[in-house]
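> I need the structure of the sequence given here:
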Amino acid sequence: MDILQLIQSNLLTPIILFFLFGLVAARIKSDLKIPEAISEFLPIYLLAAIGLHGGIEMKNTGFENMLIPMLVAIGLSLLFTLNHYQILRRLGKFNIFDSYALASTYGAVGAVTFSVGLSFLKNQGVSSEGYLAAVLAVLEPVAFIMAIFLTNMAVSKQIKAKKKSFTTDDSSDVDIEVQNKTKLSQVLHESVTGKAIVILLGSIIIGYIIGEEGVGSIKIVFDEMFTGAIVIFMIEMGVIAGQRLDDIKKVGIFLTAFALIMPTFNGIIGVLVATVMGLSLGGAVMFGLLLASASFIAAPAVLRHAIPQANPSLYITSALGITFPYNIIVLLPIMFTISSILHTGEGSIDLFHYILKDLI
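This is a model prediction of the structure:
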């Protein structure tokens, strides 16, 4: 099956159809809305299910075997975050605060996108390394912490420059800016103790403790009901994305292109690196998806306090309104096709020829 056929097939899966259903409902101004209690419960359930399977896989695999993939993922996440900033600041001409906020949003990971990726692989009859859930938990705060650190450094330089140029009478403006600096310890605390990370890490630990033997009694809840829960959650994601479509005009052509091109670049690099490290076909896809996804749940929660000067409509709209639909509809099949070719050993020349043939 080539890329275009896989994308068409992916469009007809329940998850994508329910996402598009929610999007259409929002565009026709329907009052469709998932009850608040359910919309708060579903992310917790999905993260708990991912964490449990991740913990069980960690126990089966051994921590030492997942250490290299985790370190590589952290290194790539930091590298990509810096790359995002340079592109946004130098080419996009965004201010420092918006550049770092967007860079960290695309350097972090999307747990919802990860959930959809697992369901996509299940539809293809392919499994992945479950310990990647632990990588997901580690990557979430990494990009935010680095972005806040670099933002604080930039603000400090601005403050020092203003201190040299301002008179003593004008120093009150500088004092206000000093107060606006965010403490890294505060960001670290908010990132690590947020409910998403807490439930994910807690579930990984529980899964590691109980192992395959202990999960039997709850398997029907955290395994067989997993796809159904994603489908319901996709209705809400579609509604929210549909409400954000009008904001796409506000983010501009450059950011729209960035929200499509960078995930593609990051994801393909992730698939290639994961394959070199020896991850399975499905593991390479999920590794690539970790690097391609953008955070639209944790990012607003952290950044509105960490970088209050940044414009939330930019990083929320680009991540949720553009990148998320693109990732789950188009990029997942692309990465799956690339990973399939790499794991069948057809060679890099045939790989790029195959991709270009389908895309042109």
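> Please count neighbours and contacts with C-alpha atoms only from this point.
Fine.
> Run the chain-centre distance for the helix ranked longest in the chain.
Identified as the longest helix of the chain according to DSSP state H is helix 132-165. Counting by C-alpha atoms, centre = their mean, to the nearest Å, helix 132-165 is centred 18 Å from the centre of its parent chain.
> cool, stretch 64-84 as well?
14 Å.
> Using CSV, list the CA coordinates for it.
What follows is stretch 64-84, C-alpha atoms only, in CSV (Å, rounded to 0.1, in the frame of the first residue of the first chain):
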residue,chain,number,x,y,z
GLU,A,64,19.0,-0.4,30.5
ASN,A,65,17.5,-1.2,27.0
MET,A,66,15.4,1.9,26.9
LEU,A,67,18.1,4.3,28.2
ILE,A,68,19.7,5.1,24.8
PRO,A,69,16.4,5.8,23.0
MET,A,70,15.4,8.1,25.8
LEU,A,71,18.6,10.0,25.8
VAL,A,72,18.5,10.3,22.0
ALA,A,73,15.0,11.6,22.2
ILE,A,74,15.9,14.2,24.8
GLY,A,75,18.9,15.3,22.7
LEU,A,76,16.8,15.6,19.5
SER,A,77,14.0,17.4,21.4
LEU,A,78,16.4,20.0,22.7
LEU,A,79,18.1,20.4,19.3
PHE,A,80,14.8,20.8,17.5
THR,A,81,13.6,23.3,20.0
LEU,A,82,16.7,25.5,19.4
ASN,A,83,16.2,25.0,15.6
HIS,A,84,12.6,26.1,15.9
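> hang on, the earlier thing: show me what the longest helix of the chain is packed against.
Judged by 3 or more C-alpha pairs under 8 Å, 6 or more residues apart in numbering; DSSP states H and E, helix 132-165 is in contact with helix 36-61, helix 63-86, helix 96-107, helix 171-180, helix 184-193, helix 195-214, helix 281-292, helix 298-306.
> Including mean neighbour count and mean pLDDT, could the ones you listed go into TSV?
Shown next, in TSV, are the helices and strands packed on helix 132-165 (neighbours: other C-alpha atoms under 10 Å; pLDDT from 0 to 100):
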stretch	mean neighbour count	mean pLDDT
helix 36-61	20	88
helix 63-86	18	92
helix 96-107	28	92
helix 171-180	13	44
helix 184-193	16	64
helix 195-214	20	86
helix 281-292	30	96
helix 298-306	20	77
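> So for Val251, which of these sits nearest?
helix 96-107 (11.5 Å; C-alpha to C-alpha).
> about what we covered before: next, the angle helix 195-214 makes with the longest helix of the chain.
Here helix 132-165 runs at an angle of 160 degrees relative to helix 195-214 (axes from the mean of the first three to the mean of the last three C-alpha atoms, to 10 degrees).
> what is the rounded mean pLDDT of helix 132-165?
When pLDDT is averaged over helix 132-165, the result is 76.
> circling back to that earlier point, TSV for the helices and strands packed on helix 132-165, including distance to Val24?
Shown next, in TSV, are those (distance: least, C-alpha to C-alpha, whole Å):
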stretch	distance to Val24
helix 36-61	19
helix 63-86	32
helix 96-107	26
helix 171-180	41
helix 184-193	33
helix 195-214	28
helix 281-292	25
helix 298-306	24
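> Which of these sits closest to Leu150?
Of all the helices and strands packed on helix 132-165, helix 96-107 sits nearest to Leu150, with 8.0 Å by C-alpha to C-alpha.
> got the contact list for that closest one?
77-78, 80-85, 88-89, 143-144, 146-148, 150-151, 154, 263, 291-296, 299, 303, 307, 309-311, 314-315, 319 (C-alpha atoms under 8 Å, 6 or more residues apart in numbering).
> State the next helix or strand along the chain beyond it.
Sequence-wise, the next helix or strand downstream of helix 96-107 (DSSP states H and E) is helix 111-123.
> and the angle from that following helix to helix 36-61?
Using the same axes, to 10 degrees: helix 111-123 against helix 36-61 is 60 degrees.
> could you give the mean pLDDT of helix 111-123?
On average, helix 111-123 scores 93.
> Run the chain-centre distance for that helix.
12 Å.
> Report the buried residues of that helix.
Ala111, Val112, Thr113, Phe114, Ser115, Val116, Gly117, Leu118, Ser119, Phe120, Leu121 (16 or more other C-alpha atoms under 10 Å).
> Would you convert the residues you listed into CSV that also reports distance to Met237?
CSV is the format used below for the buried residues of helix 111-123 (distance: C-alpha to C-alpha, whole Å):
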residue, distance to Met237
Ala111, 13
Val112, 9
Thr113, 11
Phe114, 14
Ser115, 13
Val116, 12
Gly117, 15
Leu118, 17
Ser119, 16
Phe120, 17
Leu121, 20
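> Ile240: which of those residues is nearest?
Among the buried residues of helix 111-123, Val112 lies closest to Ile240 (C-alpha to C-alpha), at 13.5 Å.
> wait, what's in contact with the closest one?
The neighbours of Val112, taking C-alpha under 8 Å, 6+ apart as the test, are Pro43.
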